[in-house]
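Enquirer: structure for the following, please:
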Amino acid sequence: MKTGRAILAAALFCLGSAPTLAVSQNVGILQSEILVVDPERLFEDSDLGRKMLSEYQAERETLAAENQELAAELEAEEQRLTDIRAETSPEDFRELADAFDARVQQIRADSERRVRDLERKRERMPVEFLNQVDEIILDIMRASGGVVLLDQRSVILRAEAVDITDRAIARINQEFGGDADLQDE
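Expert: You can find the predicted model right below:
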């Protein structure tokens, strides 16, 4: 219990000695050197982030449909091989079966590569998103007098006023509205 009180006291001391928050009378913008943002919400709740996720999902569904189509083709080809087995010499059949197996292995390797590439793309999306919106974030920081921007997930205590996530989402939506094309990577 004493440890909890000590942590709370230290946090309150840090908050008490932190730069003060002020709202500029002339522009109505919060002034603080330290700001926080929720990058996950920024990505998931902005039009640009949603568009990126939607495009990823469409690519994923296309890939799944192509894989299903290939699987059906391979199944039909395997059935054709089974059907001609009785009327084909063992040597000729072995050659056809080996060619089929090689094709299956190649298709499987290509499919696995495409899935990995797509998943890597998904993993990179939040970083690419932040690269596209970094000027907006910097503008908000400058307008707020901010010199440090922290990920809100790493902040234990904060005043809600220093969280610029909602303002950033609004500005991103203004800049990259729903129909805007994504910038090339």
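
Enquirer: L149 belongs to a helix, doesn't it?
Expert: No - according to DSSP: H, G, I helix; E, B strand; the rest coil, the state of L149 is strand, so it is not within a helix.

Enquirer: pLDDT wise, what is it at?
Expert: pLDDT for L149: 93.

Enquirer: how many other residues sit next to it?
Expert: L149 is flanked by 19 other residues according to other Cβ atoms under 10 Å. In this view, the C-beta of every residue, glycine as well, is placed from N, C-alpha and C.

Enquirer: how far away is it from E160?
Expert: 16 Å (Cβ to Cβ, to the nearest Å).

Enquirer: for the lengthiest helix in the chain, packing partners?
Expert: Looking across the chain with DSSP state H, the single longest helix is helix 90-144. Judged by 3 or more Cβ pairs under 8 Å, 6 or more residues apart in numbering; DSSP states H and E, helix 90-144 is in contact with strand 34-37, helix 39-45, helix 47-84, helix 165-175.

Enquirer: which one of these lies closest to R116?
Expert: helix 47-84 (11.1 Å; Cβ to Cβ).

Enquirer: counting contacts, what elements does that closest one pack onto?
Expert: helix 39-45, helix 90-144, helix 165-175.

Enquirer: let me have those helices in a markdown table, extended by distance to E66, mean neighbour count and mean pLDDT.
Expert: Output for those, formatted as a markdown table (distance: least, Cβ to Cβ, whole Å; neighbours: other Cβ atoms under 10 Å; pLDDT from 0 to 100):
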| stretch | distance to E66 | mean neighbour count | mean pLDDT |
| --- | --- | --- | --- |
| helix 39-45 | 27 | 18 | 96 |
| helix 90-144 | 8 | 14 | 95 |
| helix 165-175 | 33 | 18 | 95 |
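
Enquirer: got TSV for those helices, with distance to E33 too?
Expert: Listed next are the helices and strands packed on helix 47-84 as TSV, based on distance: least, Cβ to Cβ, whole Å:
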stretch	distance to E33
helix 39-45	20
helix 90-144	9
helix 165-175	17
